[in-house]
Each structure stands twice: as C-alpha cells, then as structure tokens.
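1. Sharing a sequence plus its predicted fold:
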Amino acid sequence: MIAFWILAVIMLGSAIWCISASKPVYSVVALLLHFAALAAMYLTLNAEFLAVIQLIVYSGAILILFLFVIALLSSGVASFSVGPNRLPRIAIPAIVLIALALGFFTYAMGHAGAVVPAAQAGSPLGPVGTADVFGSVNDFGKALFTSYLLPFEITALLLMVAVIGVILLAGDHAPYVATRKHAAEVRREMREAILREGRQ
Amino acid sequence: MPDWLIILIKSAILLLVVVTTFAYAMLAERKVLGWMQLRPGPNRVGPWGLMQPAADAAKLILKEDLTPRTADPLIYRLAPFISLLTAFSVYAVIPFGASNAGVWAIGTPNAGILFLLAITSIGVYGITLGGWASGSKYPLLGSVRATAQMISYELGMSLSFIGVLLLAGTTSLDGIVSAQEKWWFIIPQFVGFIVYIITAVAETNRVPFDLVEAETELVAGFHTEYSGLRFGLFFIAEYVNMLTVSCIASLLFLGGWNAPFGILPMVPGVVWFILKVAFFMFFYMWLRATLPRFRYDRLMAFGWKVLLPLATLNLVVTAIIVAFLGH
C-alpha cells in the first residue's frame, strides 16, 4: 500500500511534468520516469510479465524513437515556443469532464466484482517471481495463445497494416532500383547533378 | 535477520565486487593490449602497475567538472547516472552460483532474462541524452549513431536469446543454467551463440562496433564534452556493461556455474562461472587489439540483413525441433 502511494505520486507528477515541460526532451525524460513507475506498479500487482514488457516495448523501443526524432529536430537546446495560454478557455469543460470520469470510476469500482481472468481459474495468487501463477510468463503465454488467440492475431494484423501504411506514406517516391544497370545509371545521374551544382 | 537487511548487505558486497572488477578489468585491458602490441602497458604505479586503477580514479575525481555553456544543465547531469544505474541494476537478478541456498544471487525472478533485457534496453538513454544535452555537434552525432545501433542490434540479441529459452523451457536464469547440466547450450544453439556474441559487442559499443565514440571522426563521440567524474561514470558503465554481457553469455550458452563435462566436482560452481566470465572479458580485449572499426552503413546492413535473418532462422529451426522432439 505504501508502495502504491509512492508510485502513484511519482506517476502523476511525471505525467504532469511530461505535458507541462518547456523542452520536448524533458517530456521524454518525464515519460521515461512515468513508464518506469508504471512497470514497478505492475510488479506490485503481480503482473510480472506485463511489467517487463512495459519496459522493453515502451521504454526500450517506442520512447527511444521519440527521443531520436526530438533530438534530431531540436538539436539545439532551445525550448519550444509556446503559444498563448489556452488554459482559461478549456478550464470549465476540463473540470466537468474530470468530475464525470471520477464519478464513473467510483461507481464502476464500487459495483464491479473482483476481476478474475479465465486463465487464472485454479491458479492461486502467489508471490511475484514464481512460475505458473497469475501474471507470470507461463500463465500470460498460455492465456495469450489459447483464450485470447483471436484478439492477439487481429492486433498483429492491425500492426502489420499500420507498418505497410507507414512505408507507403513515408517511403521515398524515387523509382524502384531493380537492376544493377539501372542503379549504375542512377548513380551517374547523381554524380552529374552534383558536378552541375558545383559549377554554378 | 530481516529480508531487506540481507538484500542490502548482498547489494553492498556485489557493488564492491563489481566496482573492483571494473577497476582491474580496465588495467587488464591495457596490459593485454600492451602485450598484444609488444609493449609493456602501464607499469609505473605500484608493482606491475597494480595501483594504476587507484591513480586513475584519483585523477578523475580531482579533474575539473566542466559543463559547456550550450549544454542543457539538468539532462547533462542526469545522463551519466542513467547509464550507471542501468549498468548496476541488472546485477540484482544475475545468479553467480547454484542458488538452492539463495546465497549467490540477490533475486531470482521467474522472468529473470526478460528483466535483464528490459534494464539493458533503458541503458541507451544515458548515451542518447548525454550526447544530446552536451549541446555540440560531435556528441549529438555520436548519440544518434548509438541510438540507431543499439536499437538495431538489440533485436538480433533478443532473438538469439529465444532459442535458449525454448530449449530450457523457462525464462528464469536459474532454470536456464540447471537445464544445461548435461549439454551446454553453445552446442545446440551455436548459431544463436555467434549472433549473441556479435550483438553483445555492438550493444556495449566496443571495437569493432565503437562508432559511437569513433575518435577518428567524432573526437570522442557522445562523451566529448564530459570531464572529470562525470566522464568516469560513463567509463564505469561501459565496463560494467561488458561484464554484464559476459555474465549473460556464460549463463545462457556456457552452462553458468556447471563444470565442463562434470570434471573436478570439488571446485565450487562460482569459480567456474568467474573463469567463463573472465574468458569473455579477455575475448573483448582480444577483439579490440585485432579488429579495425566497421563503416557505419555496413554496420547497419550487417545488423539488419545478416544477423537478424540468421537469428530468426535459428529461432524457427529451434522451435520446429522443440515442437517435434520436446526439450
């Protein structure tokens, strides 16, 4: 319980820092802190595999790409130019929304029974780090490839479509260089273009 | 004694051991490089230069700690600590001996190997942020290279692990070592081993993959602007990471603390483990004395077009064999 409150404060603090930081890189650092605290939170909830995957996928792969782009775009250390303060205008709708959400969550938490996933049936909650309990690698894998196989495959397909879309949208529109001869031609044209640039 | 006190004492001892190992690994590297290049290496401070690490440490601590005017002060100071923190925290799950008694490891979680991957994948932030926050050209170039290189090679590395995990049928480091009592996984997983060794050298940014700090092009890469103890922290992190990947190689492929062919049963397992780790550390130094640096485009092409398909092929073949024959 103490761990929960410490982690909750860290997570909320870093989330606020993330959206209010003046420099984009600070936001990335705040998000990193947030993800680390979230992983620790998963550990306290016995979701060992989820914690590790949270770190590997979000911190190790996705966030580092954010940082990669941000470091290249704002390679100086200058802060972002922030527009006019829009907080007063959105304050009232925001407060109403937050109150609604809080109300909904309180209602839902009060009326929901204990959440017991199908795969957990029969495997009692054990200490973190032992095999074959809820949240362990074994249990997670079994659930993923039996009860939840269809959603898993559909997600995989969705990601695949996204990747193909990105390649189509962002890929360079130069003609596809299929043969060695063609490649040589393209290189010669580039060399000549560079020479022309040099002469002018 | 309460649990937390035992963990604290173990951590303190381990910290001391790892830092001492770092100090003498550095000295050993300079000695080995010296011998391979027909020169004596450091031999002035103490007998055979044995006090050299202490002298180096004193020098680094006493040097001025400069922060460039263009640097981002917060991130610039934070970056070395991220590197060091991730480098040390993996030792929380590395078992050094058969842990039936629970003496040789701080913690043996079931997802041990995944935890290792998770922590090492955060290690890249130290380098990336450090290079960016320095606010000058060469560190930025170095850190961008580091990010691309480490992300690319991490994929091959993770895939080379999975073959071992399939054979062992567990993700706990303890279980993986016990599964190798008869056959070390280097024999059925030879391709995986080769991929792992290459990607491990690239992950730790060592020769021949040290484009991150290629001194002929980038002065010193991501740590160009760092001086004094802050540079020292990056330096420690690099060597501790070398030690980490050597430990992982021994645990996953060379049977950890198992004796080769069960010989000499009176020798404690931890001795075998240290010998194996020492071999990999020597291998690193050997590489540094032997190989020239890769060209950057070749490095990327090698990672994506050779190592990744090779690791995938290895994984598929292993999976088919395990599916039909069992573990």
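-> Arrived safely, thanks for sending.
2. rest of the way, CA atoms for contacts and neighbours
-> Will do.
3. where in chain B is pLDDT low?
-> Scanning chain B for pLDDT under 70 picks out B:99-103, B:262, B:265-266, B:327.
4. Near chain A, which residues of it are found?
-> Residues of chain B lying close to chain A by C-alpha under 8 Å from any C-alpha of the partner chain are B:70-72, B:75, B:108-111, B:114-115, B:117-119, B:121-122, B:125, B:128, B:132-133, B:135, B:140, B:144, B:147, B:151, B:171.
5. Buried subset of the residues you listed as a PyMOL selection?
-> This is how PyMOL selects the buried members of the residues of chain B next to chain A, with burial counted by 16 or more other C-alpha atoms under 10 Å in any protein chain shown:
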select buried, chain B and resi 71+72+75+108+109+110+111+114+115+117+118+119+121+122+125+128+132+133+135+140+144+147+151+171
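6. how many neighbours does A:Leu157 have?
-> Counted with other C-alpha atoms under 10 Å in any protein chain shown, the neighbours of A:Leu157 add up to 12.
7. quick one: which helix or strand includes it?
-> helix A:149-170 (DSSP states H and E).
8. Okay, buried residues for that helix please.
-> Buried positions in helix A:149-170, judged by neighbour count with 16+ other C-alpha under 10 Å: none.
9. which strands and helices sit next to that helix?
-> In terms of contacts (3 or more C-alpha pairs under 8 Å, 6 or more residues apart in numbering or on different chains; DSSP states H and E), helix A:149-170 is packed against helix A:137-145.
10. Isn't B:Met242 up against B:Glu203?
-> No: if you go by C-alpha atoms under 8 Å, B:Met242 and B:Glu203 don't touch, sitting 9.1 Å apart.
11. Compare the two and say which is more crowded by neighbours.
-> For the pair B:Met242 and B:Glu203, the greater number of neighbours falls to B:Glu203 (27 against 24), based on other C-alpha under 10 Å.
12. Give me the distance between the more buried one and B:Phe209.
-> Plainly put, B:Glu203 is 8 Å away from B:Phe209 if you go by C-alpha to C-alpha, to the nearest Å.
13. same deal with A:Ala91?
-> Per C-alpha to C-alpha, A:Ala91 is found 52 Å from B:Phe209.
14. For the two, indicate the residue with more neighbours.
-> Applying other C-alpha under 10 Å to A:Ala91 and B:Phe209 shows that B:Phe209 carries more neighbours, namely 26 against 10.
15. Assign the more buried one to helix, strand or coil.
-> Remark: B:Phe209 carries the secondary structure label coil [criterion: DSSP: H, G, I helix; E, B strand; the rest coil].
16. Is A:Leu195 in a helix, a strand, or coil?
-> Going by three-state DSSP: A:Leu195 is helix.
17. just to revisit the earlier point, could you figure out how far the helix holding A:Leu157 is turned away from helix A:137-145?
-> Relative orientation of helix A:149-170 and helix A:137-145, computed by axes from the mean of the first three to the mean of the last three C-alpha atoms, to 10 degrees: 80 degrees.
18. Could you report the neighbour count for residue 197?
-> By default, I'm working from chain A. Counted by other C-alpha under 10 Å, the residues lying close to A:Glu197 total 9.
19. that answer is for a different chain, and I need it for chain B
-> That count, for B:Ile197 with other C-alpha under 10 Å as the rule, works out to 19.
20. Pull out the buried residues from the helix or strand where it lies.
-> Following DSSP H and E, one finds B:Ile197 within helix B:190-203. Residues of helix B:190-203 classed as buried by neighbour count (16+ other C-alpha under 10 Å): B:191-203.
21. which other residues reach stretch B:35-51?
-> By C-alpha atoms under 8 Å, 6 or more residues apart in numbering or on different chains, the surrounding residues in contact with stretch B:35-51 are B:27, B:30-34, B:52, B:55, B:289.
22. and these, which two are the farthest apart?
-> B:Ala55 and B:Ala289 (24.0 Å; C-alpha to C-alpha).
23. Neighbour count: those two, which is higher?
-> Taking other C-alpha under 10 Å, B:Ala55 and B:Ala289 do not tie; B:Ala289 has more neighbours (18 against 13).
24. Which residue, other than its chain neighbours, is closest to that one?
-> Nearest non-adjacent residue to B:Ala289, counting by C-alpha to C-alpha, 6 or more residues apart in numbering or on different chains: B:Leu33, 5.8 Å away.
25. does that neighbour belong to a helix or a strand, and which?
-> If you go by DSSP H and E, B:Leu33 is part of helix B:3-36.
26. Tell me the first helix or strand C-terminal of that helix.
-> Helix B:3-36 is succeeded, C-terminally, by helix B:52-62 (DSSP H and E).
27. Show me which residues of that next one are buried.
-> For helix B:52-62, burial by neighbour count (16+ other C-alpha under 10 Å) applies to B:52-53, B:60.
28. Packing partners of that helix?
-> Counting contacts by 3+ C-alpha pairs under 8 Å, 6+ apart, helix B:52-62 is packed against helix B:3-36, helix B:228-253.
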